[in-house]
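**Student:** sequence and computational prediction follow.
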Amino acid sequence: MLVVMNQGASDAQVSEVIQKLEALKFKVNRVDGVVHTVLAGVGPADGLEPSEFEVMAGVKECHLIVSPYKLAARAFRPEGTVIKAGNVEIGGKEVIAMGGPCSVESPAQIELAAKIVAEAGGKVLRGGAFKPRSSPYSFQGMGEEGLQIMRAAADKYGLIVISEVMDASQIPLMIKYVDILQIGARNMQNFNLLKDLGRINKPVLLKRGIAATIEEVLLSAEYVMAGGNQEVILCERGIRTFETFTRNTMDISAIPVLKSLSHLPVVADPSHGVGKRSLVLPMALASVAAGADGILVEVHHDPDRAASDGAQTLKPEQFKDMMDKLKLIAAAVGRSI
Ligand code: PEP
Ligand code: MN
């Protein structure tokens, strides 16, 4: 249930509506927009008459939201959401480039990655300190030391940091060093982790699960938002299909679909989407053409010696080339990068 208040509605009128929603067992999230206050009532059922609210003083309109997600729905904030992380805005006119290695390996490696990303115009340094690996015998990440290395290099080059949180127990540590917490594809439906991330006040980037439908992605975003954290960035990173040539199938169409169904910013990760570095550039270009608010790619000074995901990791000159070409595509769709 969404109630849009009239321009200039009084606090008493807003409280009246909140009380009515709460009496009907709705949890109410209030957003004070520039013009209108919007009340989103999240409740067990939507069996209500909008007209019951529309007749109340100060109410402009009321909508039943039929989609199972409400806070993540486009209708909740039709103008779209811009998320501020450090000095970076995601979801605005500027397309944000995020780059770095799959895994943090050493200070020297991250220093080089930060330099490559910053000099080419990237804004966010990525790198995994806690790695979800298919095999327990593969490199599992450097942990806190990795986060410290990321923070130092990002600060030196004026970047912000994104890194993956694998478990709720890591949240306090991550918050100390990281500007955006990444929820990996394998954790997209780890509902307890999503609930815990709903209680923090830092942006999270939610990756699409390897076999998740778009509705499931949005319901996972809803978990975080229902907990109180409205700062969710969605990320298309490829899904598993019958195709074996690419590591995953990069679902470019998910980008405009997510943008139409939700007000949340959408980032594309073509590296995990295709798994092969030669295919990252065309998928990155296609993603921005399709409306992505950001690009998340893996880049390493020597990808053939990377500790993980080397095959899909760009070489420095490829990252630079991608950024140059993205500028043209961004301009063609009325954006900048
Ligand atoms: C990653 O970003 O390195 C990663 C593990 O991503 P995903 O969760 O999309 O596989
Ligand atoms: Mn990776």
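**Tutor:** Structure received. Ligands and ions are numbered 1, 2, ... in the order given.

**Student:** what's near enough to touch the residue of the chain found nearest ligand 1?
**Tutor:** Nearest to ligand 1 in the chain, going by CB to the nearest ligand atom, is Gly184, at a distance of 3.1 Å. Bear in mind the C-beta positions are built from the backbone N, C-alpha and C, glycine included. Contact partners of Gly184, counting by CB atoms under 8 Å, 6 or more residues apart in numbering, are 132, 164, 166, 207.

**Student:** and Asp32, backbone torsions?
**Tutor:** In terms of degrees, to the nearest 10, the main-chain angles of Asp32 are phi -90, psi 100.

**Student:** burial measure for Tyr203, as a count.
**Tutor:** One thing to correct before we go on: residue 203 is Pro, not Tyr. Pro203 has 25 neighbouring residues, counting by other CB atoms under 10 Å.

**Student:** quick revisit: now for the contacts of Gly184, which pair is the farthest apart?
**Tutor:** Greatest spatial distance among those (CB to CB): Met166 and Lys207, at 12.1 Å.

**Student:** you'd agree Glu79 is up against Gly91?
**Tutor:** No. Judged on CB atoms under 8 Å, Glu79 makes no contact with Gly91 at a distance of 10.3 Å.

**Student:** now the end-to-end length of stretch 114-126.
**Tutor:** Distance across stretch 114-126, first residue to last, is 9 Å (CA to CA, to the nearest Å).

**Student:** quick one: distance of that stretch to the chain centre.
**Tutor:** Distance of stretch 114-126 from its chain centroid, counting by CA atoms, centre = their mean, to the nearest Å, is 18 Å.

**Student:** count the neighbours of the closest residue to Lys315 other than its chain neighbours for me.
**Tutor:** Nearest non-adjacent residue to Lys315, counting by CB to CB, 6 or more residues apart in numbering: Pro303, 5.9 Å away. When counting by other CB under 10 Å, one arrives at 20 neighbours for Pro303.

**Student:** relative to Ser163, how far out is Pro303?
**Tutor:** Using CB to CB, to the nearest Å, Pro303 is found at 19 Å from Ser163.

**Student:** how about Ile200?
**Tutor:** Distance from Ile200 to Ser163, by CB to CB: 14 Å.

**Student:** do the same with Ala331
**Tutor:** Going from Ala331 to Ser163 by CB to CB gives 31 Å.

**Student:** who's more crowded, these two?
**Tutor:** More neighbours surround Ser163 than the other of Ala331 and Ser163, with 26 against 11 (other CB under 10 Å).

**Student:** surely the more buried one is within a helix?
**Tutor:** No. Counting by DSSP: H, G, I helix; E, B strand; the rest coil, Ser163 is not part of a helix but strand.

**Student:** same for the helix or strand hosting Ala114, what does it pack against?
**Tutor:** Ala114 belongs to helix 107-119 when assigned by DSSP states H and E. For helix 107-119, the elements it packs on are strand 96-100, strand 124-126, helix 144-157, helix 316-332, judged by 3 or more CB pairs under 8 Å, 6 or more residues apart in numbering; DSSP states H and E.
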